[in-house]
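Peer 1: Next input, structure requested:
(one chain, ligands or ions: 2)
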Amino acid sequence: MQYTQAIIHYDEITLKGGNRTFFENALVTNIKKFISEINYNNIYKEGGKIIIDINDHTDIKKIREILKNIPGIANFHFAVSEEKDLEKINKKTVELLNEFLQTENKETFKIEARRSDKKFEFKSPQINAKVGEYVLENTKLKVDVHQPNLEVVVEISQKKCYIYFEKTIGIGGLPVGTTGNLISLISGGIDSPVASFMMNKRGAKNIYVHFKNKNIAGQNDGQDKIVKLVKQLCKFQGKSKLYIIPFEEFQKEIIANIPSKDRMIIYRRIMFQLAGEIAKKEKGKGLVTGDSLSQVASQTIDNIGAIYNKTKLPIFPPLIGMNKQEIISIAEKIETFQISILPYQDCCSFLIAKHPETRAKLDEIESLEENIHIDEIIKRVVANIAPILIS
Ligand code: ATP
Ligand code: MG
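Peer 2: Ligands and ions are numbered 1, 2, ... in the order given. Sure thing, here's the model as predicted:
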């Protein structure tokens with residue numbers, strides 16, 4: 001049977017009180033951008049939902065894959081519409097179910113009537129009973145009101161009746177763009193792409209920054225991997241900017257002047273300083289990192305304290321309380337894992353000390369930093385940098 005609508009439900013947006021329209025409109029705008037290549041008739045808000053009118057040429061598989069990844073969408077269904085006439089609704093429901101049952105093995109059902117048109121001649125319990133009885137007589141399904149295999153929604157809206165039952169779960173959260181721009185430090189490892197995704201889920205748009213030492217990573221090596229990661233993350237936030245910042249001059253200066261045990265802390269402080277400069281260019285309101293408490297030496301409480309102190313911008317480490325395995329399962333779900341495990345020589349992991357400092361003291365780090373001279377390099381690097389656009 002030809003579906004006529006995609007019905008999109010959102011959850012958290014409904015809690016937004018007076019700002020609700022702002023969030024709903026942002027979600028409609030985002031969906032429109034993501035489905036711009038897909039053939040469909042119309043998209044609009046209706047009674048606390050977003051509806052896409054689809055047609056014979058709509059690629060259902062493709063649209064499902066797209067909607068699954070759009071932050072702000074809690075779940076969605078493909079539906080058929082019918083006139084608000086109980087006899088027609090009965091027939092359509094049975095037709096839809098019998099066709100579905102040709103390929104799917106389901107045994108039990110329940111009808112879940114929803115009625116936003118309060119003038120409709122039957123109330124929800126009556127619709128449940130009448131449509132339920134007709135389905136029972138005309139399909140092989142049995143009723144189970146507690147744990148049905150199929151919950152068949154019969155939704156009586158102002159204009160039409162929608163019938164649907166196959167639910168696809170989305171990401172939930174808030175539409176990207178509703179909370180502002182963040183500068184996300186992306187390393188090519190497993191964690192930072194997951195951190196970036198988590199912030200998308202909370203409505204932020206990431207501008208990506210990667211620090212690369214071409215003498216370690218090679219002129220072009222690795223960059224492909226970062227671009228691939230950002231491309232995968234575009235599925236959640238759309239078109240993205242990536243700044244690849246040359247890091248070799250900073251590392252050279254640090255290696256010449258800082259004891260090896262403290263280098264990582266100072267590398268990361270400079271990363272935050274440079275990310276802060278990108279934030280100025282991009283109206284970024286904060287920084288994102290893939291830190292998870294005590295996962296590696298640079299992420300002990302003392303070291304995080306010393307590193308985060310370098311910038312006044314708020315820093316968001318959304319993985320801070322997560323275990324590696326929890327992070328990996330999200331990486332698998334968002335399909336960054338396979339890219340993250342490709343070989344790549346990160347500028348920092350290559351130069352890691354045998355016995356790195358784990359209890360950095362801010363005043364000691366600050367006085368060590370007096371031995372390096374990087375202001376000129378920062379100015380030049382920032383003046384010459386341009387983002388790569390990825391979609
Ligand atoms: P990841 O898996 O994200 O690489 P990690 O566990 O390897 O994280 P670190 O290498 O200590 O941890 O990096 C911690 C965070 O610092 C990263 O999640 C990332 O946000 C940032 N970071 C580290 N190296 C780079 C880099 N070369 N470019 C951009 N950001 C980086
Ligand atoms: Mg790393």
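Peer 1: switch to C-alpha atoms for all contacts and neighbour counts from now on
Peer 2: Will do.
Peer 1: what's the average pLDDT for the helix or strand harbouring L182?
Peer 2: Assigned by DSSP states H and E, L182 belongs to strand 180-185. Taken as a whole, strand 180-185 has a mean pLDDT of 98.
Peer 1: And the next helix or strand past that strand?
Peer 2: Strand 180-185 is succeeded, C-terminally, by helix 191-201 (DSSP H and E).
Peer 1: Can you identify each of the helices in the protein by residue range?
Peer 2: 20-34, 60-68, 86-101, 124-138, 191-201, 214-217, 223-237, 248-257, 260-282, 301-308, 324-333, 337-340, 362-369, 375-384 (DSSP state H).
Peer 1: list the contacts for the closest residue to K239 other than its chain neighbours?
Peer 2: Residue nearest to K239 in three dimensions, not counting chain neighbours: S391, with 4.5 Å by Cα to Cα, 6 or more residues apart in numbering. For S391, the contacting residues are 231, 234, 238-240, by Cα atoms under 8 Å, 6 or more residues apart in numbering.
Peer 1: Any chance of TSV for those, columns distance to V131?
Peer 2: Listed next are the contacts of S391 as TSV, based on distance: Cα to Cα, whole Å:
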residue	distance to V131
K231	46
C234	43
G238	42
K239	45
S240	48
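Peer 1: related to what we said a few turns ago, and the residue nearest to K239, how far is that from ligand 1?
Peer 2: Distance, S391 to ligand 1, using Cα to the nearest ligand atom, to the nearest Å: 20 Å.
Peer 1: Also L389?
Peer 2: 17 Å.
Peer 1: For that residue, the count of nearby residues, please.
Peer 2: Neighbours of L389 under the rule other Cα atoms under 10 Å: 13.
Peer 1: hang on, isn't it packed against S240?
Peer 2: Yes: counting by Cα atoms under 8 Å, S240 is a contact partner of L389 at 5.9 Å.
Peer 1: quick revisit: tell me which residues in the strand holding L182 are buried?
Peer 2: Within strand 180-185, the residues scored as buried using 16 or more other Cα atoms under 10 Å are 181-185.
Peer 1: if we look at ligand 1, which of those are close to it?
Peer 2: Among the buried residues of strand 180-185, proximity to ligand 1 is found for L185 (Cα under 6 Å from any ligand atom).
Peer 1: Just the closest of the buried residues of strand 180-185 to ligand 1, please.
Peer 2: L185 (3.9 Å; Cα to the nearest ligand atom).
Peer 1: Setting aside sequence neighbours, what's the nearest residue to that closest one?
Peer 2: V209 (5.0 Å).
Peer 1: Quick one, grab the pLDDT at E166.
Peer 2: E166 is given a pLDDT of 89.
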